[in-house]
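# 3D model of this:
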Amino acid sequence: QLHLVESGGGLVQPGGSLTVSCAAPGFSLDAFDIAWFRQAPGKEREGVSCFSGRSETGDYVPSVKGRFTVSRDNAKKTVILQMNSLKPEDTARYYCAAGAIHNQCAMETYKYVYWGQGTQITVSS
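From the prediction side, this is the model:
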């Protein structure tokens, strides 16, 4: 059983930056595709970004493309989501999820088996 742990959430002002990390203590994430999802109150969970464990490439939902960057730190065994130019509409609980490895990752929730508990990100002045 893969136990995912997110870290790095918090409160940030609009236009600011924040980095969140996903780790699986005792495991390496390089055998999985990793995705980041978010869910705001009253809204459905949506995919934000994903990272292919095989091709080591990322993908993004249009609303965050150019602002968010996903990467993997092999030394720290984490997948990182760097978020810049944050907007109030980015406020949500962010979850990382792990699924089967592919050449190209996807952001459909059903493709991910393991989920973290999430970390809250609030963008507000």
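# Tell me which helix or strand the residue nearest the centre of the chain sits in.
Against the mean C-alpha coordinate of the chain, by C-alpha atoms, centre = their mean, the closest residue is Trp36 at 2.7 Å. Assignment of secondary structure by DSSP states H and E places Trp36 within strand 33-39.
# Follow the chain on from that strand and name the next helix or strand.
According to DSSP H and E, the helix or strand after strand 33-39 is strand 46-51.
# Mind listing what's buried along whatever helix or strand comes next after that following strand?
Counting by DSSP H and E, the element after strand 46-51 in chain order, helix or strand, is strand 58-60. Neighbour-count burial for strand 58-60 flags 58-60 (criterion: 16 or more other C-beta atoms under 10 Å). Quick note: C-beta positions are derived from backbone N, CA and C, even for glycine.
# ditto for stretch 97-116
By neighbour count, with 16+ other C-beta under 10 Å as the criterion, the buried positions of stretch 97-116 are 97-99, 105-107, 109, 111-112, 114-116.
# how far does it stretch from start to finish?
Between the opening and closing residues of stretch 97-116 we find a distance of 6 Å, counting by C-alpha to C-alpha, to the nearest Å.
# Stretch 18-27 now?
End-to-end distance for stretch 18-27: 25 Å, by C-alpha to C-alpha.
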